[in-house]
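A.B. asks: Build me a model from this:
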Amino acid sequence: MLNFWVSGPPKTKGSLDVVNSGRAGGRPVLQDSPASKRWRKLVAYCAEQEMRGVTQAWPLDGPVAVDLEFVLSGDPVAVRSGDLDKLYRNVLDALTDAGVYEDDVQVVRLSGSKVGDGDPGVRVRVVI
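C.D. replies: Predicted coordinates for the structure are as follows:
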């Protein structure tokens with residue numbers, strides 16, 4: 001099991017910047033915003049650090065359960081923190097990047113919440 005905290009304002013996977021495709025009449029291309037990319041890297045780094053202290057073969061094989069608690073500095077709705085599913089996506093992708101599991105298709109149970117009035121961040125728990 002992994003259980004760790006990532007400090008800082010959570011960012012959604014849906015934090016996108018529109019980039020012109022460069023072709024006349026071409027469709028815009030969507031890319032993750034720099035803030036979303038930084039948050040994903042931070043979550044991956046924290047996961048990697050926690051994995052070092054756990055005697056376990058990485059990446060995990062088989063089904064996993066993930067529980068996420070996003071803490072925000074104010075009211076979760078009023079601060080426009082983003083959709084919960086998009087917050088989930090960024091963390092699940094970061095756990096893949098860190099090598100916690102091969103692919104987030106292995107996540108068979110996902111639970112989480114957004115709570116307010118605390119030091120911003122996310123509590124991540126991964127259980128096999």
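A.B. asks: How about the secondary structure of the residue nearest the centre of the chain?
C.D. replies: Nearest to the geometric centre of the chain sits Val91, at 1.3 Å (C-alpha atoms, centre = their mean). Classification of Val91 using DSSP: H, G, I helix; E, B strand; the rest coil returns helix.
A.B. asks: tell me the pLDDT at it?
C.D. replies: For Val91, the model assigns a pLDDT of 97.
A.B. asks: ditto for Ser15
C.D. replies: pLDDT at Ser15 comes out at 50.
A.B. asks: Which positions within the lengthiest helix in the chain qualify as buried?
C.D. replies: Looking across the chain with DSSP state H, the single longest helix is helix 34-52. Along helix 34-52, these residues count as buried under the neighbour rule (16 or more other C-beta atoms under 10 Å): Ser36, Trp39, Arg40, Leu42, Val43, Ala44, Cys46, Ala47, Glu50, Met51. C-beta: built from backbone N, CA, C; applies to glycine.
A.B. asks: next one: it to chain centre, how far?
C.D. replies: Going by C-alpha atoms, centre = their mean, to the nearest Å, the spacing between the C-alpha centre of helix 34-52 and its chain's C-alpha centre is 8 Å.
A.B. asks: what's the answer for stretch 101-108, then?
C.D. replies: The answer for stretch 101-108 is 13 Å, by C-alpha atoms, centre = their mean.
A.B. asks: Can you tell me what sits against it?
C.D. replies: Residues outside stretch 101-108 that contact it (C-beta atoms under 8 Å, 6 or more residues apart in numbering) are Pro59, Leu60, Asp61, Gly62, Pro63, Val64, Ala65, Val66, Leu92, Asp93, Leu95, Thr96.
A.B. asks: Right, I'll leave it there.
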